[in-house]
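Novice: only geometry, no sequence info:
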């Protein structure tokens, strides 16, 4: 019996499954049990795989035969924290339909797309109970905390997963229902925290100011050395492995129905910078960055405190593009930091786990991988036709600025590529108050997914 | 009856008189009432002068006659904030004697020297109840917040104060009891808080990173532009008015019993910088600085948060030397900041009140002012003899790195010069956790002050 998507998603999103906060353990279990139950009803054999933090739901159905295509559908049942709660117009975990949207934490990221996929599958199974398609559902509970248990899971389950042909997911964005985007690339990421220490204690800036190199001064000079005047990154070798986008990719990007001025207004910035002479949209999708996510040191309260601070720190992340390698860029950045740090302060560099970038060109492009899975190629065609039918327009194939490190991990450990169909839009307020999912996107998405799965199963 | 200095100071320092934080209003009142009561017991007519923030204690005693010297003794009853509290070995506001020192916030800055002066005066008055010396006590409660009400007070009381002959205070430092310093100059100060704003809200650093000028990046580049490679200040015209010290001043400084290496060890820094090719001690006393007292922006918690912060700020103070003028340097720095700020961020510069530098050469030097007050000249001689008697060595006459902006204001509004006898030492941890005052310094200081006041009263 087919799923009724709005009540299904409303219930799913009512579980406060915040993975980063142990106070929400019950909400995590609620969401997990809900999705396990839904998959059981769809005829899946459901397992719950324990991890050091939150269990992964693993479920399979359909014929286990060489001649039957096998797709892994990935999603996550955890959501971002919902605070500040007072900014929500309706309670974050009491989903409510208003103005053609379903509001609630997780309605878009990522429970809505899962509701789309499961509804589509339930309809298809109503028509074809013996659907010749093997499906593995892989729904994790740590995406919003950076999937810390995922690599460990892959160590154990990678071989079993590698028997599939491809991965299908919707955890990326599109401009709106008028233009769906299939994501061909994700930026990788690395993270560092750099701390400079000068005097053992804060010093009086009058009594001792002059010969002491202020750690905040040293830090700002060190940070300032990391970019060139045009805004590009000034770390030797940083761009060595960067692969310039091909002409077809630039042409796809040019079709995006967003001008640079509109984008600037959406972000609310006075102006853009243009390193490499690239446009704003190109910079997000084709180029790596070195970003300061936070900085702190000395007195930050009201008024003034006339000290030379003992310490100062900065949090850095880089977004990486193909074929940059996380470990290589970590080493280059660390070398630059250590070489440039003056001897009057001590430097400490703490490296966080990140991930390398991911890229897959669809079938039939100049940069399509020669060993691209035939099932993936079929799925691309199925997606193109189905999306055009459901949304009235062909999808665009674009790289994305964000990172989903597990997509690269899955490629490395199982060899499988991911087909990423964007169902979020910039109006969905992901990770922010008043997150919502558009009903129109949901309905058209269900139609598109039903056709995609049907075409993958029957080859037409 | 003479004051017992250690219990007197212990009680005084037990009042948490933090002027910058309104939560400490009760501590402010406690300290103020304590000092008012002490002065009343010493025979002073005590007034409490209201100001927009914290009242000033004004007290007078002694013959009001032309032929009787009249000295103003300045001090402040407010103290620096004591946080971070967890770094104190004994509670900041529960003074405790350990290893020949009295520990507690304000024991040195500035309650200890006041205890020295009042104890000395109480002993002298025991011997000479009709002491032929007129004394005005002026104890303010806003020194640690930059004395914002002091100029307004001087507008009203300046004429009355100008009837005195000179000012006497101990709110400056000496290397230790083995070498007392009389301060001839104080650096001036200016303060600014600079805030850069980029996007209206924090942005996702993956989805939008590339074309957006990160406000932390812009701020670090702006800050880095303010110093040259050698550590000197890179603001056009910054050094124009700086007067080089005379030979006798460099010679006095050379007598300081502190090597550069000892000074480095005291501060606990890996090394010094040497702008202008000057020594560490020269840099503190003869040159201006531009210091970053605090910086903040974006995510500062544990782990990472992948944002482009909406804002970042830095707190700047400059220390100024003769003949730099506060307003002139404020204008030059502000111009440099505005000119160098890139158009992709908005800049806001908030200027705090500071003060210009102060200088007075003692009697008989090449740069002694021709109109130096005779009472001041007598006091210099009294101090030189009394300090040699009490401490076993003549004082050195040196400029100081710190600032007491009101000393310059007092000179401008009343014409009076200040004799500044240093009772702090570098081991006192001023403005830092575990502030303390040395008992030996206290006892010898009391002897010296008793002699100085006696010699000023009796001319011998």
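Specialist: Here it is on my side, so go on. None of these values were measured; they are calculated from a predicted model.

Novice: got any ranges where the stretch 301-450 of chain A has weak pLDDT?
Specialist: Counting by pLDDT under 70, the stretch 301-450 of chain A has no low-confidence residues at all.

Novice: Listing partners with orientation, what would you give for the helix or strand hosting residue A:189?
Specialist: In this assignment (DSSP states H and E), residue A:189 forms part of strand A:188-197. Using DSSP bridges, the strands paired with strand A:188-197 are strand A:311-320 (antiparallel), strand A:346-355 (antiparallel).

Novice: max-length helix in chain A?
Specialist: With secondary structure taken from DSSP state H, chain A has its longest helix at helix A:439-458.

Novice: Could you give me the buried positions within it?
Specialist: By neighbour count on 16 or more other C-beta atoms under 10 Å in any protein chain shown, the buried set for helix A:439-458 is A:439, A:441-457. C-beta: built from backbone N, CA, C; applies to glycine.

Novice: repeat for stretch A:172-179
Specialist: For stretch A:172-179, using 16+ other C-beta under 10 Å, the buried residues are A:172-177, A:179.

Novice: Tell me who's in contact with the one residue in the stretch 1-150 of chain A that gets nearest to chain B.
Specialist: In the stretch 1-150 of chain A, the residue that lies nearest chain B is residue A:146 (8.5 Å; C-beta to the nearest C-beta). Residues in contact with residue A:146 (C-beta atoms under 8 Å, 6 or more residues apart in numbering or on different chains) are A:353, A:405.

Novice: wait, residue A:208 sits on residue B:429?
Specialist: No: if you go by C-beta atoms under 8 Å, residue A:208 and residue B:429 don't touch, sitting 12.0 Å apart.

Novice: Just to be sure, residue A:367 is in a strand?
Specialist: No: counting by DSSP: H, G, I helix; E, B strand; the rest coil, residue A:367 is not found in a strand; it is coil.

Novice: So for it, what's the nearest residue that isn't a sequence neighbour?
Specialist: Leaving out its chain neighbours, the residue that sits closest to residue A:367 by C-beta to C-beta, 6 or more residues apart in numbering or on different chains is residue A:361, at 4.6 Å.

Novice: where's the one you found, which helix or strand?
Specialist: Counting by DSSP H and E, there is no helix or strand that carries residue A:361.

Novice: returning to what we had before: give me the more crowded residue out of residue A:208 and residue B:429.
Specialist: Taking residue A:208 and residue B:429 together and counting by other C-beta atoms under 10 Å in any protein chain shown, residue A:208 has the greater number of neighbours (25 against 22).

Novice: Now do the same for the more buried one: its pLDDT.
Specialist: On the pLDDT scale, residue A:208 is placed at 93.

Novice: do the one 3 residues further on as well
Specialist: According to the prediction, residue A:211 has pLDDT 98.

Novice: my read: it touches residue B:286, true?
Specialist: No: Residue A:211 lies out of contact with residue B:286 (C-beta under 8 Å); the separation is 11.6 Å.

Novice: Tell me what residue A:296 is bridged to.
Specialist: residue A:313, residue B:296.

Novice: Now for it, how many residues are close by?
Specialist: Count around residue A:296 with other C-beta under 10 Å applied: 23.

Novice: So the residue lying closest to residue A:308 once chain neighbours are set aside versus residue B:228, what's the distance?
Specialist: Nearest residue to residue A:308 in three dimensions, chain neighbours excluded: residue A:203, at 4.3 Å (C-beta to C-beta, 6+ apart). Between residue A:203 and residue B:228 the computed distance is 22 Å (C-beta to C-beta, to the nearest Å).

Novice: just residue A:117 next, same as before
Specialist: Distance from residue A:117 to residue B:228, by C-beta to C-beta: 60 Å.

Novice: Now do the contacts for the residue lying farthest from the centre of chain A.
Specialist: In chain A, the residue that sits farthest from the middle, by C-alpha atoms, centre = their mean, is residue A:207; the gap is 50.2 Å. Residue A:207 is in contact with B:173, B:284, B:400-402, B:426, B:430, counting by C-beta under 8 Å, 6+ apart.
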